[in-house]
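**Student:** Just to be clear, the model below is a prediction. Sequence and coordinates:
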Amino acid sequence: MIKQLIKRLGVIILFLAAPHLSFAQDFEYRVKAEFLERFTRFIEWPDDSPLKDPEKTFCICVTGKNPFGGYLQEMAQQVKIKGKPVEIHQIEQLTAELPKCQILFIARSEKDKLADILKLTEDKPILTVGDTDGFAEDGVLMNFFTSGSYIRFEVNIDRAEKSKLKFSSRLLKLAKLI
């Protein structure tokens, strides 16, 4: 009898906590989306990148399960990045769709494919970003992590130098360098 009561209370607590957990995750990814936009203020793309074409938009791409929900799309309608309208693309075929991306967010769901993704981006001016433990060490340029109740980011400095992107020293001062 007591065991059944404890099980029921546990289920009720999980049921009541679920909306709050969802809200916390939604808030976390809203903050990360805002970081993505702000990072671009401190990074320069090379002159030969597609971004320099006045007809092109600034593309933020997501590969894997999109943790941002619709927030990236909402943000894209409200901001310009590098003076350009912003487009959000969910990438399914990396080899075909990658050339249009200036930022590629690599979701946790792509951990097993990470090495292949990085081979496709390693010599291109594409800011790769993730939020999975070990991604920066594995070669992702920027990776979010949580420290206490704060969202922080790390930068793989060797890969950043090879990417043809120029990171501001002001941005690097705020990062954990890998």
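**Tutor:** Now that the structure is in, tell me what you want to look at. Numbers count the residues shown, from 1 in each chain.

**Student:** Could you verify my assumption that Leu94 touches Leu118?
**Tutor:** No: Leu94 lies out of contact with Leu118 (C-beta atoms under 8 Å); the separation is 10.7 Å. (Glycine included, C-beta is placed from N, CA and C.)

**Student:** wait, isn't Pro85 in contact with Thr57?
**Tutor:** Yes: using C-beta under 8 Å, Pro85 is in contact with Thr57, at 4.9 Å.

**Student:** out of these two, which sits in the more crowded spot?
**Tutor:** Higher neighbour count among Pro85 and Thr57: Thr57, with 18 against 12, using other C-beta atoms under 10 Å.

**Student:** what's the helix or strand for Ala115?
**Tutor:** helix 114-121 (DSSP states H and E).

**Student:** Quick check: which helices or strands does that helix pack against?
**Tutor:** Applying 3 or more C-beta pairs under 8 Å, 6 or more residues apart in numbering; DSSP states H and E, one finds that helix 114-121 makes contact with helix 94-97, strand 103-106, strand 127-130, helix 135-138.

**Student:** Tell me which of the ones you listed lies nearest to Gly70.
**Tutor:** Closest approach to Gly70 among these (C-beta to C-beta): strand 103-106, 14.5 Å.

**Student:** returning to that earlier point: possible to save the helices and strands packed on helix 114-121 as TSV with distance to Arg41?
**Tutor:** Converted to TSV, those look like this (distance: least, C-beta to C-beta, whole Å):
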stretch	distance to Arg41
helix 94-97	25
strand 103-106	13
strand 127-130	12
helix 135-138	21
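
**Student:** remind me, longest strand of this protein?
**Tutor:** Determined from DSSP state E, the single longest strand within the chain is strand 84-91.

**Student:** so how far is it off the chain centroid?
**Tutor:** Remark: strand 84-91 is offset 13 Å from the chain centroid, using C-alpha atoms, centre = their mean, to the nearest Å.
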